[in-house]
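Engineer: 3D, please:
(one chain, ligands or ions: 2)
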Amino acid sequence: MSPDPLPEVCAVALPIPAGTPFSYRIPTALADRIVPGARVVVPLRGRAVVGIVTGVGEGQGEEDPSAGALKPVFLAPDTVPLLSSAQLSLARWMSSYYAAPPGVALRAMVPGAMWGASHLRVTLRDPAATSSGGAARSVVELLRQKEKPVSARWLRRTLQRPVWDVLQRLARSGTVTIETVPPSLGPGPRVERVVVLARSLPSLLDRDRVFGRARRQREAYETLDQLGGEVALPRLLGELGFSRSVISGLADRGLARIDCRAIDRDPFRSRPSEDPPPTPTPDQARAVAGIQALEPGERAVLFGVTGSGKTLVYLSAIAPEVRAGRGAIVLVPEIALTPQTVARVRGAFGDQVAVLHSGLSDGERVDAWWALARGDKRVVVGARSAVFAPVRDVAAIVVDEEHDPSYKNGEAPRYHARDVARLRGRIEGTRVILGSATPALETWAARETIRVLRLPERATVHPLPPVELVDLRAAPLVAGSGAVPWSEALDAAVTDRLDRGAQVLLLLNRRGFAHYLECSACGAVVECPSCSIALTVHQTPVCLRCHYCGHERAIPATCPECGGATHRTRGVGTQALERWLGERFPTARLARMDADTTSTKWSHARILDAFARGEIDILFGTQMISKGLDFPNVTLVGVVQADTSLHLPDFRASERTFQLVAQVAGRSGRGGQGGVVMVQTRAPDHYALQLAAVHDYEAFADRELEERRRPAYPPHVALINVVASGEHEPEVARTADRLAEWFRGLVETRSLPVDVLGPAPAPLAKLQGRWRWHVLLRSADQGVLGRVLRFAAHRAPGVGRGQVRIAFDRDPVSLL
Ligand code: ADP
Ligand code: ZN
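Structural biologist: Ligands and ions are numbered 1, 2, ... in the order given. The predicted structure is shown next:
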């Protein structure tokens, strides 16, 4: 509130992940480095925190109350700014669109190792100290128990109350000391110990003489010699199996020495790259020309069937630009699942490529960031956050498999990488290419602004495989498979492939959490009359309930469609399938791929590599196996049960099912032996399955866009999913009630064109120990919805307070 102009040129810096920027004084020595986008270390509430400069000399940041005594920037560690002005604009857009604090938006863009707060370390000086006050006593008690310094944050979390005041008092009375541990500015280059041959013994006689009976030392020596005279110590000890004493024996004889060497932390470097692809087909050439003809900032959807060679199109379109020194960003859904795409990009651009993904260590990520920011690397391949990579002069952003839900970030800021790409494209004048065989309906419905480039056929001579729907209500089943639906038809097909030495992919999407009510005779599923999603069976009280609007009804004894008896169903999981396959095909080599088998860093790649090498006969798993894989020896793809995803209580259930079946089907018959697809289902008449079976995306899109009109769902309207979660369900439900009421009040008093649906329990009613309820906001007017969101993020009851967390998810990809 100071009317005086700021006395000095000041920097406005945003401590990550704070809500708002603050003003700081710029020490003369740092003046040249303090520019928008630069990283700084600044004081904030007694701590030293990494921030990003958002402006200079503007003074719009919050000020110290005693104006004129601005605190100085402590440090400006980098010689070049961390973020470009375009990236800062992108952060501002994200913060506003998704209603996330600006610092939270920045946090999503910058590798975690590059920002951080110092923490306060509290040490008890006087173990005999007694303290009268309740809180002070608890602090002293805790410190005594711990017998070592602890962080202030830990004290606050343990005591579940603010401790700053208490600590100040204890420090003043000399009971504790408080030190500031500065933030780390990210790891430096990593070094590795290597063993280097120091002397060579070319003649075998010499070796006999030197080593005598020290056989292992001689083997270690010869191994080193064969491997070029230098081998990483961990490799000698691990993979090659030599002991430490053997290595030091070599060193003692003066034959080897142990050195340190800086290592490159890019783990993809050791993986193969694939050679630049063959010459384009005429369709591919047309698509390449279409991309090159795009205006800066314009978008295109590369709508190409599975196996049509979209990768070659992306690479051919960007190659001339990269050769001319420009950059490119290639986004893939989950990088561990798409090693082939990565290999092809590396094959085309070699050392210019940086690979970013969630499995990287902090150091690897920081290395890649700087390599791109400096311009040493120009192309990035990565999962969703790679859309923020500091690539310079970006010629194109490719979003491969753009329909994939993993492009949406699951925590604040809940951005969608496809939409961020659009904005980045607009800000930087970059072309955006969205590739898919099954584009998201949002993309398809925006064809007025997105150019469509088609690849209607496979690039190779092998046509799309025929798809057979197996009706589980009527088909003969193999006995003894338990809960796993296993038709004689699928059984015979698998047996046949195993006999011929071909490979099989089996998909079972195991989202088996929702019980729905299905007619045993006709397969009809009971839906909500106003939301047209499957109603979910509840136990207490026993009823059917809509997980969008809360509608409830009794469980009907007979099918409303045909009068047949009804039954509750629940999907089976991949583990049950594993047990069954093991029993049924005891000599087949099986591998399961789902979240449980792929928790370690390279486990996906290991499974996929083994499959590619032919060491696995049947690869089965969740949607993970449906993405982008190109294995010519797969001649059978089976979908064990397509219904689990079809009747999920989510308005995208049909679209997801279509995508899943079409994508997984696209893995079959890529080689010379042809291939087929078998889809087991109790709903063979459903349009999503019927149209996936004939590979007709456009007919599906037309039909589904009609279905989404009434009741209205995206892309005709926009949604915000407001999710309340907490450990005590009644409290969560009450919060959701209050939220819904507050939104209804807001919408009515201002006559806003927004529907408020719910509250209702979320379909995934409990996740990681937290109960979940949600309220849906729906409107045809994105602008109004955005304003409601930003207002609610500050004002809605319960936001930022209490035990119940409230999350706002704009443009949600899943309402589960
Ligand atoms: P998509 O991503 O469209 O499903 P891919 O890019 O994986 O398809 O390509 C499918 C297969 O076709 C790959 O094995 C690729 O090497 C091959 N391919 C692509 N373009 C051509 C071409 N012009 N000539 C021959 N083979 C091609
Ligand atoms: Zn409903």
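
Engineer: for the residue nearest the centre of the chain, what are its contacts?
Structural biologist: Nearest to the mean C-alpha position of the chain, counting by Cα atoms, centre = their mean, stands residue 406 at 5.2 Å. Shown in contact with residue 406 (Cβ atoms under 8 Å, 6 or more residues apart in numbering): 333, 334, 383, 384. Where you see a C-beta, it was placed from the backbone N, CA and C, and this is true even at glycine.

Engineer: how close does it sit to ligand 2?
Structural biologist: 27 Å (Cβ to the ion, to the nearest Å).

Engineer: cool, and residue 731?
Structural biologist: In this view, residue 731 and ligand 2 are 24 Å apart by Cβ to the ion.

Engineer: just checking, that residue touches residue 804?
Structural biologist: Yes. The criterion here is Cβ atoms under 8 Å, and residue 731 meets it with residue 804 at 5.8 Å.

Engineer: And those two? Which one has more around it.
Structural biologist: Neighbour totals were compared for residue 731 and residue 804, and residue 804 leads with 23 against 16 (other Cβ atoms under 10 Å).

Engineer: I figured that one hits residue 733, correct?
Structural biologist: No. Under the criterion of Cβ under 8 Å, residue 804 makes no contact with residue 733, lying 9.6 Å away.

Engineer: where does this protein come near ligand 2, residue by residue?
Structural biologist: Counting by Cβ under 5 Å from the ion, the residues of the chain close to ligand 2 are 528, 530, 531, 546, 548, 549, 551.

Engineer: Quick check: of these, which lies closest to residue 427?
Structural biologist: Comparing those against residue 427 with Cβ to Cβ places residue 548 closest, at 35.4 Å.

Engineer: got the contact list for that closest one?
Structural biologist: Contacts of residue 548 (Cβ under 8 Å, 6+ apart): 528, 531, 533, 649, 651, 757, 758, 760, 776, 815.

Engineer: From the residues of the chain next to ligand 2, list just the buried residues.
Structural biologist: Buried by 16 or more other Cβ atoms under 10 Å: 528, 531, 546, 548, 549, out of these.

Engineer: Would you mind giving the secondary structure of the closest residue to the second one other than its chain neighbours?
Structural biologist: With Cβ to Cβ, 6 or more residues apart in numbering as the criterion, residue 531 has its nearest non-adjacent residue at 4.4 Å, and that residue is residue 548. For residue 548, the secondary structure call by DSSP: H, G, I helix; E, B strand; the rest coil comes out as coil.

Engineer: in its sheet, what does the strand ranked longest in the chain sit against?
Structural biologist: Using DSSP state E, we find that the single longest strand of the chain is strand 755-767. Using DSSP bridges, strand 755-767 pairs in its sheet with strand 770-779 (antiparallel).

Engineer: and the nearest residue to residue 555 once chain neighbours are set aside, what is it in contact with?
Structural biologist: Distances taken as Cβ to Cβ, 6+ apart put residue 544 closest to residue 555, at 5.8 Å, once the chain neighbours are dropped. In this structure, residue 544 makes contact with 517, 526, 535, 536, 537, 538, 552, 553, 554, 555, judged by Cβ under 8 Å, 6+ apart.

Engineer: Apply 7 Å and report the result again.
Structural biologist: Residue 544 makes contact with 517, 526, 535, 536, 537, 552, 553, 555, according to Cβ atoms under 7 Å, 6 or more residues apart in numbering.

Engineer: Inside strands: which ones of these?
Structural biologist: Residues of these located in strands (DSSP E): 517, 536, 537, 552, 553.

Engineer: how far away is the first one from residue 366?
Structural biologist: Using Cβ to Cβ, to the nearest Å, residue 517 is found at 53 Å from residue 366.

Engineer: Nearest to ligand 1: which residue in this structure?
Structural biologist: Proximity to ligand 1, evaluated over the chain using Cβ to the nearest ligand atom, is greatest for residue 309 at 2.8 Å.

Engineer: Count the residues that sit near that residue.
Structural biologist: 24.

Engineer: Give me the distance between the residue nearest to it when sequence neighbours are not counted and residue 562.
Structural biologist: Leaving aside its sequence neighbours, residue 309 sits nearest to residue 459 (Cβ to Cβ, 6+ apart; 3.3 Å). Going from residue 459 to residue 562 by Cβ to Cβ gives 46 Å.

Engineer: and if you look at residue 728?
Structural biologist: Taking Cβ to Cβ, one finds residue 728 at 43 Å from residue 562.

Engineer: Then residue 146?
Structural biologist: Taking Cβ to Cβ, one finds residue 146 at 68 Å from residue 562.

Engineer: what's the answer for residue 625, then?
Structural biologist: Distance, residue 625 to residue 562, using Cβ to Cβ: 36 Å.

Engineer: Between the two, tell me which one has more neighbours.
Structural biologist: It is residue 625, of residue 625 and residue 562, that has more neighbours when counted by other Cβ under 10 Å, with 26 against 12.

Engineer: who touches that one in this structure?
Structural biologist: Going by Cβ under 7 Å, 6+ apart, residue 625 touches 505, 507, 593, 619, 664.
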